[in-house]
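Visitor: build me a model:
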Amino acid sequence: MHRSTGMYPGPVPPPPPPPARASTNGRLESQAAGGREPAFRGDIQGLRAVAVLLVVAYHAGVPFLPGGFVGVDVFFVISGFLITGVIDREIGRTGTINLARFWARRVRRILPAAAVVLAAVAVMTLLVLPVTRWPSIAWDLVTSSLYVVNWRFADQSTNYMAYEDAASPLQHYWSLAVEEQFYLIWPLMMLAVLWLQRRYRLPLTKAMLFGVAAIGVPSLVWSVYATWTGPAAAYFVSTTRLWELAVGAALAVVAHRLVRLPAAVAHSIGVAGMAAIVVAACTFDETTRFPGIAALLPTAGAAAVLAAGVSRRRTIAGAVLDTPVLRDIGAMSYSLYLWHWPLLVGATAQWGGADGELSVAMGLLVVGFSAVPAWLTYRTVEAPLHRSVQLVRFPRRAAAVGAVCTAIGLSAAMMVSIAAPVSNARAGGQDILGAVALDRDPAEYDLPDAVDVIVPDVLDAPADVATLDGERRCISGVEGTELESCTYGPDEGDVTVAIVGDSKMHQWLPALRRIADERGWRIITYLKNACPLVRVPIEYDGEPNRDCAEYNRDRYEAIVDDESIDYVITSQAQSHALLDRDDTTDQELTAMADDLRRTWSELEDAGHDVIVMIDNPSPPFDVVECVAENRDQLGECAFDKEAAMGQGGRPAQTAALDRIDGVGSVDLANYVCPGDQCPPVIGNVLVYRRGSHISATYADSLTTAIDEGVADAL
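Guide: Below you'll find the predicted structure:
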């Protein structure tokens, strides 16, 4: 029952040990010497280097590596392989797993460097990033310190209201959270497998593979399903990623059988594995549904490279990877991974262009510079604590180090939270006029350089979201197909108005509610985030918006069949249909305009008068963040009206209106952008709340203008 990997199958004493055995990493290790750590594998360090270089190049914006994010998947496979190898050797020596020693080793390896970067991110946040980001980053620090931040980012990825937020400087910590959660459950699973194996006297290799499959196979199936139905959240959650670590773990379990691979096979699978990683990095992009099935390519590639290196032969892949430069980069790959992204976020906040992005050259310069703090962190923190004899001998001391590291992260979060300014939304007693300040002549509005009070305050702006009656937002999320609606006003109102569209229609609810109160209207809402009322395919976050297509079929039928509806008021954020890759932007715009015209005509034919709320001008940068940084120089946050008019859903709407009769429209562009410039604040009211969305407070101040516009359109 004794197996050549040295794993002890049960209480029966093992036979006399052979002089030497092949460990899971393919090097010979003396069992008589007590199962010492295996010989160093330079090809693994080189593979680590390839993984981190792919990630940093992708984040820097290198155009020929649009799929460089697969470097993280390579890391997952390496981690699963190495950690399971550690467990394999410990079971071979002792017949069990010392959980305290295992977790202490993970603490020494991961937490100290991570804590240093968390503290640095807190300082950078206070010195460089806009105050509007501070509360969110404080929570990022908390969840990163506790290694659950991937679930926070998964939740945010499905929150349309946060879709246009700037990236967190800790967004890359999601992968650390996945690994830490893996390290928590993996040894427990292995102990369960050992118990079952001994109880039922199963072959240990098969038992171990069964345990790996019990986690890996369901995770892969779920990954495929979740990536298809909700790719944004699927990217971050642990349940869709565990199978990637399980791939490496399975390889570690069977590695003893790969030691004597024929040279031709080892060369072939090594080269094929490297090719798979390169192909994924060069051909995948942000439109690729990931992880899911697509992640099989880089993970299988990484596993093939590791398998090739298990043999004692020096393979082609090993010769490429096991070089001094790549070994050095691989050694500090963890610290480089930790440092490069926060520095990119900070640099973008300081030197990002009009589109809020760094140039590729600047991005490469920043990630190149990040090697400096990465090297310092590796030499002074990561390596010394990882190799500390005292921490190795006394796991309790490692636990204390872990507690200190967690405390550092939580303290950093508290520092950012305390430093965040308090909202002063209603201080000062100034008149809050909003659009009323335009005094019927928008072109004459003169933007002041500074105001004492801005409502909503920049810290409150993201929450200044439209509601129908002060409580109900009455808009469906991006995901889901169930038709939802709200009603407002008298059940037997003389006029019934359907409010239809996406979040750019939803933003006008405060004004429409007041108009309904004054006119005795009954309102029915059919609103869904990222989902205009169209029948052509559209995209969301680089993916076909299939939920919207199904929702629109039901929404359109419900509106057409409802004979009580007198008017349909609609708007949208999108101007382009999702066509074939070969189609031009102009063709996509034309397709959208044609579909809008057809849809509006059919609604008119069904007896519903259509009124189009033309989309408001879209700013080229985050207005709220700009105001937070330039309260005394608000002119710095104004932007060109003509350019802003060509963004969002406006081009498709105006193109459709130009070629249709009988459809009314309301255009508030002059009330949002009086004159040639679009001011960030009008009448002490912040015009935008997030991205291109109008604040609920400013929308409410536009009630009179909207009422007159609707009356003219009827």
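
Visitor: longest helix in the protein, please.
Guide: Secondary structure of the chain read by DSSP state H shows that its longest helix is helix 99-128.

Visitor: that one: which residues count as buried?
Guide: Residues of helix 99-128 classed as buried by neighbour count (16 or more other Cβ atoms under 10 Å): 102-122, 124-125, 128. For every residue, glycine as well, the C-beta is placed using N, CA and C.

Visitor: give the closest residue to Ala120 in space, chain neighbours not counted.
Guide: Computed as Cβ to Cβ, 6 or more residues apart in numbering, the closest residue to Ala120 that is not its neighbour in sequence is Pro342, at 6.9 Å.

Visitor: report how many residues lie close to the one you found.
Guide: As a burial measure, Pro342 scores 25 neighbours (other Cβ atoms under 10 Å).

Visitor: which residues touch it?
Guide: Contact analysis of Pro342 by Cβ atoms under 8 Å, 6 or more residues apart in numbering lists 117, 120-121, 124, 169-170.

Visitor: which of the helices or strands spans it?
Guide: helix 333-351 (DSSP states H and E).

Visitor: which residues in the stretch 151-300 of the chain form strands?
Guide: Taking DSSP state E, counting those that start in this stretch, the stretch 151-300 of the chain contains no strands at all.

Visitor: report the secondary structure state of Gln574.
Guide: Classification of Gln574 by DSSP: H, G, I helix; E, B strand; the rest coil places it in coil.

Visitor: quick one, phi/psi of Lys528?
Guide: phi -150, psi 130 (degrees, to the nearest 10).

Visitor: residues in contact with the residue lying closest to it once chain neighbours are set aside?
Guide: Using Cβ to Cβ, 6+ apart and skipping the chain neighbours, the partner closest in space to Lys528 is Ser476 (4.2 Å). Contacts here follow Cβ under 8 Å, 6+ apart; on that basis Ser476 touches 482, 484, 527-529, 531, 551.

Visitor: what do you get for Ala420?
Guide: Here Ala420 is in contact with 131, 134-135, 138, 459 (Cβ under 8 Å, 6+ apart).

Visitor: repeat for Gln390
Guide: Each residue near Gln390 by Cβ under 8 Å, 6+ apart is listed here: Arg397.

Visitor: try Trp339
Guide: Per Cβ under 8 Å, 6+ apart, neighbours of Trp339: 117, 120, 370, 373-374, 377.

Visitor: do Trp351 as well
Guide: With Cβ under 8 Å, 6+ apart, Trp351 has these contacts: 358, 362.

Visitor: name the residues that touch whichever helix or strand Asp594 is part of?
Guide: In this assignment (DSSP H and E), Asp594 forms part of helix 585-605. By Cβ under 8 Å, 6+ apart, the surrounding residues in contact with helix 585-605 are 533-536, 556, 559-560, 568, 574-579, 583, 610, 612, 651-653, 655-656, 659-660, 662-663.

Visitor: what comes up buried for it?
Guide: 588-597, 599-601, 603-604.

Visitor: re the thing from before, show the subsequent helix or strand relative to the longest helix of the chain.
Guide: Elements were assigned by DSSP H and E; along the chain past helix 99-128, the next helix or strand is helix 134-145.

Visitor: okay, domains of the chain per the record?
Guide: Domain ranges of the chain: 40-347+371-419, 466-619+640-671+702-713, per automatic domain parsing.

Visitor: just for the stretch 501-650 of the chain, where's the confidence low?
Guide: The stretch 501-650 of the chain contains residues with pLDDT under 70 at 582.

Visitor: for it, which segments count as helices?
Guide: In the stretch 501-650 of the chain, the helices defined using DSSP state H, counting those that start in this stretch lie at 503-506, 509-519, 546-561, 585-605, 623-629, 641-645, 650-657.

Visitor: quick one on the thing from earlier: just want the angle from the helix holding Asp594 to helix 546-561.
Guide: Angle between the axes of helix 585-605 and helix 546-561 is 30 degrees (criterion: axes from the mean of the first three to the mean of the last three Cα atoms, to 10 degrees).

Visitor: which non-adjacent residue is nearest Asp700?
Guide: Closest residue to Asp700 apart from its sequence neighbours, by Cβ to Cβ, 6+ apart: Pro510 at 4.0 Å.

Visitor: near that neighbour, how many other residues are there?
Guide: Using other Cβ under 10 Å, Pro510 has 25 other residues around it.

Visitor: how about the helices in the stretch 351-500 of the chain?
Guide: Using DSSP H, counting those that start in this stretch, the helices of the stretch 351-500 of the chain run over 360-369, 371-377, 383-386, 389-393, 395-419.

Visitor: turn the ones you listed into JSON lines, columns for distance to Tyr334.
Guide: As requested, these are exported to JSON lines (distance: least, Cβ to Cβ, whole Å):
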{"stretch": "helix 360-369", "distance to Tyr334": "15"}
{"stretch": "helix 371-377", "distance to Tyr334": "9"}
{"stretch": "helix 383-386", "distance to Tyr334": "10"}
{"stretch": "helix 389-393", "distance to Tyr334": "17"}
{"stretch": "helix 395-419", "distance to Tyr334": "14"}
